[in-house]
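Asks: structure, please.
(2 chains)
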Amino acid sequence: EADIYQTPRYLVIGTGKKITLECSQTMGHDKMYWYQQDPGMELHLIHYSYGVNSTEKGDLSSESTVSRIRTEHFPLTLESARPSHTSQYLCASSEGRITNEKLFFGSGTQLSVL
Amino acid sequence: QKEVEQNSGPLSVPEGAIASLNCTYSDRVSQSFFWYRQYSGKSPELIMSIYSNGDKEDGRFTAQLNKASQYVSLLIRDSQPSDSATYLCAVTLSGGSYIPTFGRGTSLIVHP
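Replies: The predicted structure is shown next:
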């Protein structure tokens, strides 16, 4: 079944640790995205990718990095976690056609940095 | 001014009523408009998309787009308690990237 998967679902980690949030999709979509969402707030774009070897920064990208070595895989890395990184991280994908940017979301990773 | 604005609510309607959710956007050249539903603790899921002026109906949902006035709305007919969720408006703004920009969402409560 075509889907988009995120792991871990929940993560509690100490300040200063390096973490990688995993995202994989089996829909063959070209475009993938990372959004950050705090409770009751809008989704903020962190990074996105048009396809393999393509990565672009969004609004909140300065403290994280992404890679796109394979079409289906788009991991997000925080080099040094801080309490301000505590949030919900949502991965999404879309077909990539300009007039059809319907996003499909993973289940999200709830990150808590102590 | 935010690029995509929604009243955060909550909007409370009785079961069986019509719920009307509104969204305004700042970019006149926006092309694509979406409504996502997000249950508490869950991820957003797409429920409607609309690309041209007018109404688009899908079951109990109707999306309405007015590009001249720069607003898009979502009507939910015969509202059910299971419709209680946050509804996110997303707009693909001009500028080349065609990345959807999300509003803050409107919380809808349908009470029996």
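Asks: most proximal residue of chain B with respect to chain A?
Replies: Nearest to chain A in chain B, going by CB to the nearest CB, is residue B:43, at a distance of 3.9 Å. (C-beta placed from N, C-alpha, C; glycine too.)
Asks: that residue: what secondary structure?
Replies: For residue B:43, the secondary-structure state derived from DSSP: H, G, I helix; E, B strand; the rest coil is coil.
Asks: that one contacts residue A:104, correct?
Replies: No. Using CB atoms under 8 Å, residue B:43 makes no contact with residue A:104, being 9.2 Å away.
Asks: can you tell me the element residue A:77 falls in?
Replies: Here residue A:77 sits within strand A:76-78, counting by DSSP states H and E.
Asks: what's in contact with that strand?
Replies: A:18-21, A:23, A:34, A:46-47, A:63-67, A:85, A:89, A:91 (CB atoms under 8 Å, 6 or more residues apart in numbering or on different chains).
Asks: okay, now the sheet partners of the helix or strand just after it, with direction.
Replies: As assigned by DSSP H and E, the chain's next helix or strand after strand A:76-78 is strand A:87-94. Using DSSP bridges, strand A:87-94 pairs in its sheet with strand A:31-37 (antiparallel), strand A:104-105 (antiparallel), strand A:109-113 (antiparallel).
Asks: can I get those strands in CSV including mean pLDDT?
Replies: Listed next are the strands paired with strand A:87-94 as CSV, based on pLDDT from 0 to 100:
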stretch, mean pLDDT
strand A:31-37, 95
strand A:104-105, 95
strand A:109-113, 96
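Asks: out of those, which one sits most buried?
Replies: strand A:31-37 (a mean of 24; mean count of other CB atoms under 10 Å in any protein chain shown).
Asks: just the C-alphas of that strand, formatted as PDB.
Replies: Extracted in PDB, the C-alpha atoms of strand A:31-37 (Å, rounded to 0.1, in the frame of the first residue of the first chain):
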ATOM      1  CA  LYS A  31       8.500  16.500  -4.000                       C
ATOM      2  CA  MET A  32       9.000  16.000  -0.300                       C
ATOM      3  CA  TYR A  33       8.700  18.500   2.600                       C
ATOM      4  CA  TRP A  34       9.400  18.900   6.200                       C
ATOM      5  CA  TYR A  35       7.000  21.100   8.300                       C
ATOM      6  CA  GLN A  36       7.200  22.100  12.000                       C
ATOM      7  CA  GLN A  37       3.900  22.600  13.900                       C
END
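Asks: which neighbouring elements make contact with the helix or strand following that strand?
Replies: Using DSSP H and E, the helix or strand that follows strand A:31-37 in sequence is strand A:44-49. On a contact count with 3 or more CB pairs under 8 Å, 6 or more residues apart in numbering or on different chains; DSSP states H and E, strand A:44-49 meets strand A:31-37, strand A:56-57, strand A:65-66.
Asks: before we move on, the earlier item: got TSV for the strands paired with strand A:87-94, with distance to residue A:81 too?
Replies: Compiled in TSV, the strands paired with strand A:87-94 are given as follows (distance: least, CB to CB, whole Å):
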stretch	distance to residue A:81
strand A:31-37	13
strand A:104-105	23
strand A:109-113	5
